[in-house]
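A.B. asks: Make a model of this:
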Amino acid sequence: MGCEHAQAAGGQTAPQQFEENNLSEVKHVIAVLSGKGGVGKSLVTGSLAIELARAGNKVGILDADITGPSIPKMFGMSGRRAHGIGNLLLPEISTHGVKVMSSNLLLANETDPVLWRGPVIAGAIRQFWSETSWGPLDYLLVDMPPGTGDVALTVFQSLPVDGIVVVTSPQDLVSMIVAKAVNMADKMDVPVLGVVENMSYVECPDCGKKIEVFGTSHLDEVAAQYGVDVLGRLPIDPKLAAMCDAGTLEEGLPAGMLPDAIEAIRVTAELVDAKRALAGDEGCACDRDCSCDECDCDGCASSRKSE
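C.D. replies: Predicted coordinates:
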């Protein structure tokens, strides 16, 4: 009898999705992924969460980087511990309302290593989704671990992921990183929203000239090769690094970061809502408490035409 995960990877079988508990109402799940580590994936996840929250959305972050979590520190949660209500965990809430669940919020000391094998890590992902009271969320961002291993497989097969944002750097490895992520997304039948290039350049503090420290970026060519959009470029900025270390990213992140990525997430959410409305799922594509007979949103109008 073969391994369940091996069979799933070969496309023969797929495990059931993790169930959402009755105290969670997550509308959209977006995964942030990279084919390798060290490219600033968690910074991109945190930045997207902050900008979505600033736009008035209810946002959460599921830190799926179980063995190397950095989201709690970034959001000023060092030393804090998650609590529970009944059989459910309660996510920690940042100063400006972003909900976070991470392995670092469950450890006695945040410096303790997480020495878990794959099945145990998969169980933690299930707990963070099925046994955490997220409440109503417009967006849950999943900060993935680097690479395309067990955790990525678990997330894409077991959570209702609406789309993936790929994070890369301007080195020659960009083609391999994007290819791994795009190919995995294709196998898992999850759309790639686009690619964000981190550490794209450093801006001279005197003249403002952009210096490409890692050489000329090949992102545009690679994105065109794989048919994905470029969602933005982030500079090497010591101020951002200092904010992450100090846990003040929410307060200090410059406004208007990654606008194309935010727009791609918003458009994807609208499309998913419209499809749900057409399929007769609960809820309205315009996200209002209304009857489809009375609503003038595109999703409900399409639903009426199909009846």
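A.B. asks: before we move on, what SS does Asn21 have?
C.D. replies: coil (DSSP: H, G, I helix; E, B strand; the rest coil).
A.B. asks: Which parts of the stretch 101-250 of the chain are helices?
C.D. replies: Ranges of helices within the stretch 101-250 of the chain are 118-130, 150-158, 174-188, 219-226, 238-246, 249-252, based on DSSP state H, counting those that start in this stretch.
A.B. asks: Tell me which residues are up against the first one.
C.D. replies: The contact list for helix 118-130 (CB atoms under 8 Å, 6 or more residues apart in numbering) reads 5, 18-21, 62-64, 66-67, 89, 101, 103, 116, 149-151, 154-155, 158-159. C-beta coordinates here come from the backbone N, C-alpha and C atoms, glycine included.
A.B. asks: Give me the distance from stretch 260-279 to the chain's centre.
C.D. replies: Here the centre of stretch 260-279 is set off from its chain's centre by 15 Å, with CA atoms, centre = their mean, to the nearest Å.
A.B. asks: Give me the mean pLDDT for that stretch.
C.D. replies: For stretch 260-279, mean pLDDT rounds to 95.
A.B. asks: Pull out the buried positions in it.
C.D. replies: 261-262, 264-266, 268-270, 272-274, 276-277 (16 or more other CB atoms under 10 Å).
A.B. asks: Which one of those is nearest to Thr45?
C.D. replies: Closest approach to Thr45 among the buried residues of stretch 260-279 (CB to CB): Ala261, at 10.8 Å.
A.B. asks: what's the spacing between the closest one and Gly163?
C.D. replies: 11 Å (CB to CB, to the nearest Å).
A.B. asks: who touches both of these two?
C.D. replies: In contact with both Ala261 and Gly163: Leu193, using CB under 8 Å, 6+ apart.
A.B. asks: any idea how far the longest helix belonging to the chain is from the chain center?
C.D. replies: Determined from DSSP state H, the single longest helix within the chain is helix 259-278. Computed by CA atoms, centre = their mean, the chain-centroid distance of helix 259-278 equals 14 Å.
A.B. asks: picking up where we left off before, so which of the helices of the stretch 101-250 of the chain gets nearest Met144?
C.D. replies: helix 150-158 (5.9 Å).
A.B. asks: For Asn57, list the residues it contacts.
C.D. replies: Per CB under 8 Å, 6+ apart, neighbours of Asn57: 138-139.
A.B. asks: Output the longest strand along the chain in CSV with nothing but the alpha carbons.
C.D. replies: Across the chain, the longest stretch assigned as strand under DSSP state E is strand 161-168. Only the C-alpha atoms of strand 161-168 are listed here, as CSV (Å, rounded to 0.1, in the frame of the first residue of the first chain):
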residue,chain,number,x,y,z
VAL,A,161,-6.7,28.3,-1.7
ASP,A,162,-8.0,30.9,-4.2
GLY,A,163,-4.6,31.9,-5.6
ILE,A,164,-0.9,32.1,-5.1
VAL,A,165,1.5,35.0,-4.9
VAL,A,166,5.1,33.9,-5.8
VAL,A,167,8.0,35.7,-4.3
THR,A,168,11.4,35.7,-5.9
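A.B. asks: quick check: angle from that strand to helix 219-226?
C.D. replies: Per axes from the mean of the first three to the mean of the last three CA atoms, to 10 degrees, the angle that strand 161-168 makes with helix 219-226 is 140 degrees.
A.B. asks: helices or strands up against strand 161-168?
C.D. replies: In terms of contacts (3 or more CB pairs under 8 Å, 6 or more residues apart in numbering; DSSP states H and E), strand 161-168 is packed against strand 29-33, helix 41-54, helix 174-188, strand 192-197, helix 259-278.
A.B. asks: tilt between that strand and helix 150-158?
C.D. replies: Using the same axes, to 10 degrees: strand 161-168 against helix 150-158 is 150 degrees.
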